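what would the 3D arrangement of this be:
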Amino acid sequence: MDAATARLLVSPEGRALIDSLPPYDSARSMSLGAELRAQGADAALVAAALTQSRLRADARAKFGDFASGMLFTQDGLEQATRLRVAAEHARRYRDAGAHRVLDLTAGIGADAMALAAIGLDVTAFEIDEATALIADHNLRHWGPTRVVLGDAMELAPQVDADGVFADPARRTARGRRHDPRDYAPPLGQVLALRERFPALGVKVGPAIGHSHVPAGVEAQWVSVDGSVVEAALWCGPLAQHPGHAALVMSAEGMHRIAGTTERADAGPLAEFVYEPDGAVIRAGLVGELATRMDACLLDPTIAYLTTGSPAETPFARGYRVLESMPFKVKGLAAALRVRGVGTVDIKKRGVDVTPEQLRPQLRLKGDARMTVIITRVAGQRTALLAEPV
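As a prediction, this is how the structure comes out:
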């Protein structure tokens, strides 16, 4: 999006047109655009408004009802923090005693919104003019919040604050940037601000390697409803537990685990198998979880745990093993046929299997449903017939 388009969107005419649109319907989008242009609406504004209608529909997954009053860029929405996660970011600053927070990379303003919503004074920097205009619109309801157009790495050190947050850009026209040195701004430059601002938080990609995590900070991976959505580095007073942590969010609530990143021992297959949450795996806390569950690994290189008794934990999904066999398509198909299984949920880890290709080869018939876990057990390709705990 260019600055001219952003100005159209934030104008009174632009906001009025967007707010007047019906719920987004891709099948009717072209005809609706033609109707609006026939009524005399500016063609560029119509195109931009229809794009915003689509983005608002997509944004409900992250922002809920707030999306209906917000404006977006495509890249900004993709990288924006979910409002629920942003609220947890904001609480860290409040609990650390911060009052004035700098958001170095405002984007569309998601984290600045959450910080301002709990009463913190926020200065949000954005280097792109169009995005700054969008952020300014999204932050319009919060008085002690201002958006500054400019390079935060040059401007922020001159501003008085007791907390700093950054969410460096991790996308280019060629796709995602996985190396923190390729972030914009680079992670190393952001972390160097700790000398000026000890209470520094940096959102990073969940695939960040553990070698990029500095000593003495808290690295926390976050999952929402089973999907790993981010990692963040929390420095100084923002670190609740220096080291590695995982935050698991779902409709049932939020649960946090932290501790050692030592690997668990492997052991024989027992009656129950547990698949750790992705945030736990990314954080390297499978061994910590195994200790808490009195479990061991199915295989030294694979993040499946096994234990002889069921365990209640928000950090893993459990299955009761009904049958175990060497993984061969014919043998697996025969075992499922005997049990009258017509529907399977296929889970795999550590083996070269494509569930979409395997499923038709099994030629399933029957009314029963079962989970098939294909993995390695003590180095051997194994299929487990299981049912969810």
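
where do the helices sit along the chain?
3-10, 12-20, 29-38, 43-63, 74-79, 83-95, 110-117, 129-138, 152-155, 187-191, 278-282, 286-293, 329-338, 355-362 (DSSP state H).

buried residues in the second one, which are they?
What it means is helix 12-20. Within helix 12-20, the residues scored as buried using 16 or more other C-beta atoms under 10 Å are 14-15, 17-18. From N, CA and C alone the C-beta is placed, and that goes for glycine too.

the shortest one too?
Of the residues in helix 152-155, those buried under the neighbour-count criterion (16+ other C-beta under 10 Å) are 152-153, 155.

ok, now the longest one?
Using 16+ other C-beta under 10 Å as the burial criterion, the residues of helix 43-63 that qualify are 45-46, 48-53, 55-56, 58-59, 62-63.

ditto for stretch 62-70
62-63, 66-67, 70.

let me see the mean pLDDT of stretch 119-137.
Across stretch 119-137, pLDDT averages out at 95.

got JSON lines for the buried residues of helix 43-63, with pLDDT and distance to Gln74 too?
Putting the buried residues of helix 43-63 into JSON lines (pLDDT from 0 to 100; distance: C-beta to C-beta, whole Å) gives the following:
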{"residue": "Leu45", "pLDDT": "91", "distance to Gln74": "18"}
{"residue": "Val46", "pLDDT": "91", "distance to Gln74": "18"}
{"residue": "Ala48", "pLDDT": "93", "distance to Gln74": "12"}
{"residue": "Ala49", "pLDDT": "93", "distance to Gln74": "15"}
{"residue": "Leu50", "pLDDT": "93", "distance to Gln74": "13"}
{"residue": "Thr51", "pLDDT": "94", "distance to Gln74": "8"}
{"residue": "Gln52", "pLDDT": "94", "distance to Gln74": "11"}
{"residue": "Ser53", "pLDDT": "94", "distance to Gln74": "13"}
{"residue": "Leu55", "pLDDT": "96", "distance to Gln74": "7"}
{"residue": "Arg56", "pLDDT": "95", "distance to Gln74": "12"}
{"residue": "Asp58", "pLDDT": "95", "distance to Gln74": "9"}
{"residue": "Ala59", "pLDDT": "95", "distance to Gln74": "11"}
{"residue": "Lys62", "pLDDT": "93", "distance to Gln74": "13"}
{"residue": "Phe63", "pLDDT": "93", "distance to Gln74": "15"}
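
picking up where we left off before, tabulate the buried residues of helix 152-155 (JSON lines), appending distance to Arg196 and pLDDT.
Converted to JSON lines, the buried residues of helix 152-155 look like this (distance: C-beta to C-beta, whole Å; pLDDT from 0 to 100):
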{"residue": "Ala152", "distance to Arg196": "12", "pLDDT": "93"}
{"residue": "Met153", "distance to Arg196": "11", "pLDDT": "93"}
{"residue": "Leu155", "distance to Arg196": "12", "pLDDT": "92"}
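
nearest to Glu88, of those residues?
Checking those against Glu88 by C-beta to C-beta gives Ala152 as the nearest, at 22.4 Å.
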